[in-house]
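Student: model this:
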Amino acid sequence: MNYIIAKSAAEALDALLGGEGNALIIAGGSDVMVDIEAGKLAPQTLVDVTAAEDMKGIRVEGGQLVIGAAVTLTEIARSPMVRQYFPSLCKGAGSVGSLQIRNSATLVGNVVTAQPAGDAAMAVAPLDPKFVVLSKDGTRVEAVCTFENTTNKPFNTSATMVTTPRPAEPVRDQTIFTDEPKYIGDEIAAVAAETEAIAAEAIKLIKVEYEELPAVYDPIEALKPDAPEVQPVYGNKEHRNVCGEIVKIAFCESEPYSDEALDRGFAQADVIVEADVKLPRVKQCQMEVHAAVASYKANGTLEIISTTQTPTPTKMIVAYAFDMPESKVRVRNPPYLGGGFGVRIGISGKAELLAAALSMKALRPVKLVYTREEDFIASDTRHGGYMHARLGARKDGTFVALDTTAKLNTGAYCTFGVELLAVCGVCGTAGTYHIPYLRYTGYPVYTHQQTAGAFRGFGTPQGTAVVEACVDKIAQALDMDPIELRKINTMKPDDKNFFPFSVGSVGTNECLDKAAAEIGWYEKRGKAQTGNKRRGVGIACNTHVSNAAPFCVDYNAVDMVIEQDGSLRINTAIPEIGPGSTTALIQVACDLLSVPFETTTMIFGDSAAAPFDIGSHATRTLYSVSQVWRRPPQS
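Tutor: Predicted structure coming up:
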């Protein structure tokens, strides 16, 4: 083993970079030497920094107490300066081990290399210390955050934190960092440095000791009584690994719903079919990965620039997680975003929270940008899982009864789990067709996989997949054209359904006709083909909401200002994620107010620009915000 005594921090860095094999810093040796003797460590080079003068000393700098890496525990215990500012640290350093150990052991070495529950770590952890890690080129690590020095207040990364109508409560089951990672992608620690390369090297120096625990990955297996519990604290207490609650939707057009009534509905059917669909997990691949820049100021304000689709709800989630007044937090977009597809309706992965936590430690702006790999493994996907449906119809093709069950994989944390399973039933299985008897049961299931949330359609594609499979089976059983069968059964204006509202207008049949014409349905369907390459045509249809109010908090707000020169300024928190909504909305406003487009401007994607706004989702922004303007300007 090579043993090098460094006279300065620079010499220590040179020795580390030039050392043969696995080089290791030794400050006092009270922990390192024990681990070497026990065979836990086998460095080829030891770099001793006890003689490095620039790593010694205790001083006050910039309002902070700075303790050198080579300062011993005895020196800390006897320091008047430490006693003045942190008497508990002084006392703690003087009670660790024996005097012989305290004379050689250093605070920094003890904290970095000791077991988490041992020695000086316990004394220094409550003081929220900041470790400065030097590098060869002078850059340094500015902040290190883990579950030990960051708030562990539970929250939900999705906008359900805001949209859930009271007195109901969202499922809050996530923390910024965790000491019990539940899937590959769970955050354990984060580092901020002056360069990305230094941060990457610093991450490698963080030692994590894992204990492997039982796990479950399949939603059907997770529902079994003996399955490992994914969320024993936050999961449903009556149903194993159910997130929040089991979603139930039931409807009978001519009598109060009961399971017996549903059976009577199926008894009216001349043909009954069933379908099972296993759905894969699907990942969004928006052009721009998750990212955030957070700047925490000494006056207690936090400003974040991020890729969120929902600046105002994100502001509210961040404020909640850090126990800050919402008035102290501002979230805005760059202003333009490279897509979203639902993956950041709320927090962008955890970019805003991670950057904010690091900025609070460093007291400097921190930029955090996910790699594409991190985006793929550590942010929401579409829900995969299992769908089962049973559909009954009369000889003329009229649907009479539908019974559907969804068991979808919401992953290790809830995010949109409960809400998505509800939409899967409301729109995916029960929203397209007029069916006199129906039942839907949705299980949002915890597993030890990455989280699943919003992704284009928000539950409707999953429900549609299994219902449309049944519709095709009915068409085949009755020898009916699949499009004509659908047109017979689609919801019509004023049809009764489980909603407390009647259907005002329906364009589904018109849509089916246009789709059939575009794909040449009647010319190609069922035609015999030869050769190695054969092309077929298929059809499926569904309906999806463009707004969820009044069932949840889902509305927009816009502030319009006529300037002194008569030009129009529009203030809103809606983001621009690619569809051109902001340009179109300016056109709508100018048309309603009869003002020139050329002199009108819009401030958008900023929580400070206007009152509460839900943000961009469900392809609803242009429609919903236009409705905000439609009446007031005319009145």
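
Student: Other residues contacting stretch 234-242?
Tutor: Contact with stretch 234-242 is made by 154, 171-173, 216, 222-225, 227, 229-231, 243-246, 414, 443-447, as judged by C-beta atoms under 8 Å, 6 or more residues apart in numbering. The C-beta positions use only the backbone N, C-alpha and C, and glycine is treated the same way.

Student: just the buried members of the residues you listed?
Tutor: In the contacts of stretch 234-242, burial by neighbour count holds for 171-173, 216, 222-223, 227, 230-231, 243-245, 414, 443-447, counting by 16 or more other C-beta atoms under 10 Å.

Student: Strands - which of those residues land there?
Tutor: 443-446 (DSSP state E).

Student: Could you dump the residues you listed into a markdown table with pLDDT and distance to Ala267 added?
Tutor: What follows is those, written out as a markdown table (pLDDT from 0 to 100; distance: C-beta to C-beta, whole Å):
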| residue | pLDDT | distance to Ala267 |
| --- | --- | --- |
| Tyr443 | 98 | 27 |
| Pro444 | 98 | 32 |
| Val445 | 98 | 32 |
| Tyr446 | 98 | 37 |
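
Student: Turn the residues you listed into CSV, including distance to Leu127.
Tutor: CSV is the format used below for those (distance: C-beta to C-beta, whole Å):
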residue, distance to Leu127
Tyr443, 46
Pro444, 41
Val445, 42
Tyr446, 36
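
Student: what kind of secondary structure is Ala199 in?
Tutor: helix (DSSP: H, G, I helix; E, B strand; the rest coil).

Student: Local confidence estimate at it?
Tutor: Predicted confidence (pLDDT) for Ala199: 91.

Student: which residues pair with the nearest residue to it once chain neighbours are set aside across the strands?
Tutor: In space, and not counting its chain neighbours, Ala199 is closest to Ala193: 4.0 Å by C-beta to C-beta, 6 or more residues apart in numbering. Taking DSSP bridges as the rule, Ala193 bridges to Val141.

Student: Wait, Ala193 touches Val144, no?
Tutor: No - counting by C-beta atoms under 8 Å, Ala193 stays clear of Val144, with 9.5 Å between them.

Student: Compare those two (neighbour count), which wins?
Tutor: A side-by-side neighbour count of Ala193 and Val144, using other C-beta atoms under 10 Å, places Val144 first with 26 against 23.

Student: give me phi/psi at the more buried one?
Tutor: In terms of degrees, to the nearest 10, the main-chain angles of Val144 are phi -130, psi 120.

Student: Would you check how far apart it and Lys130 are?
Tutor: Distance of Val144 to Lys130, given as C-beta to C-beta, to the nearest Å: 8 Å.

Student: so what sits against both of these two?
Tutor: Common neighbours of Val144 and Lys130 (criterion: C-beta under 8 Å, 6+ apart): Lys361.

Student: can you tell me the helix or strand for the residue most central in space within the chain?
Tutor: The structure's the chain has its C-alpha centroid closest to Gly349; by C-alpha atoms, centre = their mean the separation is 4.2 Å. Using DSSP states H and E, Gly349 sits in no helix or strand.

Student: my guess is it meets His290, correct?
Tutor: Yes - proximity of Gly349 to His290 meets the contact threshold set by C-beta under 8 Å, at 4.1 Å.

Student: Need the overlap of contacts for those two.
Tutor: Counting by C-beta under 8 Å, 6+ apart, the shared contacts of Gly349 and His290 are 370, 374-375, 379.

Student: Span of stretch 175-183 from start to end?
Tutor: Stretch 175-183 has an end-to-end distance of 14 Å (C-alpha to C-alpha, to the nearest Å).

Student: Okay, buried residues for that stretch please.
Tutor: Residues of stretch 175-183 classed as buried: 175-178, 181-183 (neighbour count, 16+ other C-beta under 10 Å).

Student: Going by distance to Ala38, which of the residues you listed wins?
Tutor: Nearest to Ala38 among the buried residues of stretch 175-183: Pro181, at 26.8 Å, using C-beta to C-beta.

Student: Double-check that Arg390 belongs to a helix.
Tutor: No - read with three-state DSSP, Arg390 is strand and lies in no helix.
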